[in-house]
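**Q** Here you go, sequence then predicted model.
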Amino acid sequence: MKTTNKIKLSKDESLFVRGPLSRFKELSFAFKVFFNFIKAFRKMHFIGPCVTVFGSARFTKDSEHYKSAEKIGAALAKTGFTVMTGGGPGIMEAANKGAYETGGYSVGCNIILPFEQKPNQYLHKWIDIPYFFLRKVILVKYSYGFIVMPGGFGTLDELFEALILIQTNVIKDFPIVIFDSEYHKELCHHIQLMAENESISPEDMKLLFVTDSVEDVIKHIELHTIKKFGLVKKQVKPKWWLGERYKK
């Protein structure tokens, strides 16, 4: 799909990645990042254990990929998970919709872009985030599993970010599911090729679970999260003196 639009970074982020700036500008940027982290922490603190669904923003409601994501969102909600996405349209909207209409809880970490991205209508709670790196931290921080649906560069970025964090023991070995074996067959082949050439360990292949079954997705997530991370536990209560509210 071609588009005449070009992705533009926010003014702050665009300036920051061009090289050294004045000390004042770099300090100012650091404070803005810190402020957005604190805002995200406060907003997401009581959303409950999440499973994050990644996928393209460009699939329409008529797409089979959209319909599959909707089923997965509903199934996750029935299992008791909060469904988290990037908050936008396409696969993200579908997963949020499935959870929302099933009576589950649906949240989004929306990236601020000049096109394609705005919060979808199936969110109980969302936060607008100006920086990609900050958004990825939040998506990882509150998730106990990832489901990777068909997507583009952003989806692959999120997939391999998670894989390298697990591989290097920065985060716990939580489940990553790749859904739709046909769409991802070349990707899986390349990962296998890396293992064969010893650029990754053969053990790293176990970090991925590839399936075409919604039922198998849920079974895998349940098996590798609920008991492993002790998710059935008492919820942390909001502190009224900090102005906190549960899931509002």
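**A** Here it is on my side, so go on.
**Q** Please enumerate the strands of this protein.
**A** 50-54, 82-85, 106-111, 125-129, 143-148, 176-179, 208-211 (DSSP state E).
**Q** centre of the chain versus the third one, how much separation?
**A** If you compare the mean C-alpha spot of strand 106-111 with that of the full chain, they lie 9 Å apart, counting by CA atoms, centre = their mean, to the nearest Å.
**Q** Could you list the paired strands of that strand along with their orientation?
**A** strand 82-85 (parallel), strand 125-129 (parallel) (DSSP bridges).
**Q** who wins for proximity to F35 among the ones you listed?
**A** strand 125-129 (11.6 Å; CB to CB). Heads up, the C-betas are built off the backbone N, CA and C, glycines and all.
**Q** Now tell me what touches the closest one from outside.
**A** Taking contacts as CB atoms under 8 Å, 6 or more residues apart in numbering, the residues outside strand 125-129 that touch it are 36, 39-40, 43-44, 47, 87, 106-112, 119, 135, 138, 247-248.
**Q** Of all the strands of the chain, which one is nearest I226?
**A** Short answer: strand 143-148, nearest of the strands of the chain by CB to CB, at 8.6 Å.
**Q** Summarise which helices and strands the closest one is packed against.
**A** On a contact count with 3 or more CB pairs under 8 Å, 6 or more residues apart in numbering; DSSP states H and E, strand 143-148 meets strand 50-54, helix 153-167, strand 176-179, helix 214-225.
**Q** Near the closest residue to I112 other than its chain neighbours, how many residues? Count them for me, please.
**A** The spatial neighbour of I112 that comes closest, neighbours along the chain excluded (CB to CB, 6 or more residues apart in numbering), is P130 at 4.9 Å. Neighbour count of P130, defined by other CB atoms under 10 Å: 17.
**Q** Tell me the predicted confidence for P130.
**A** On pLDDT, P130 comes in at 89.
**Q** backbone phi and psi for it, please?
**A** P130 has phi and psi values of phi -80, psi -10 when expressed as degrees, to the nearest 10.
**Q** what about it, distance to L187?
**A** With distances taken as CB to CB, to the nearest Å, P130 is found 29 Å from L187.
**Q** Surely L163 is in contact with L207?
**A** Yes: the criterion here is CB atoms under 8 Å, and L163 meets it with L207 at 5.9 Å.
**Q** Which one of the strands of the chain lies nearest to K71?
**A** Short answer: strand 176-179, nearest of the strands of the chain by CB to CB, at 10.2 Å.
**Q** what mean pLDDT does that closest one have?
**A** The average pLDDT within strand 176-179 is 97.
**Q** how much distance is there from that strand to the middle of the chain?
**A** For strand 176-179, the distance to the chain centre is 12 Å (CA atoms, centre = their mean).
**Q** what packs against it?
**A** Partner elements for strand 176-179 (3+ CB pairs under 8 Å, 6+ apart): strand 143-148, helix 153-167, strand 208-211, helix 214-225.
**Q** which outside residues touch that strand?
**A** 68, 72, 145-150, 159, 162-163, 166, 184, 187-188, 207-212, 217, 220-221.
**Q** which of these count as buried?
**A** By neighbour count, with 16 or more other CB atoms under 10 Å, the contacts of strand 176-179 hold 68, 72, 145-150, 159, 162-163, 166, 184, 207-211, 217, 220-221 as buried.
**Q** quick revisit: reformat the helices and strands packed on strand 176-179 into TSV and put mean pLDDT next to each item.
**A** Below are those laid out as TSV (pLDDT from 0 to 100):
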stretch	mean pLDDT
strand 143-148	95
helix 153-167	94
strand 208-211	96
helix 214-225	93
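**Q** need the ones you listed in JSON lines with distance to I178, can you?
**A** Output for these, formatted as JSON lines (distance: least, CB to CB, whole Å):
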{"stretch": "strand 143-148", "distance to I178": "5"}
{"stretch": "helix 153-167", "distance to I178": "8"}
{"stretch": "strand 208-211", "distance to I178": "5"}
{"stretch": "helix 214-225", "distance to I178": "10"}
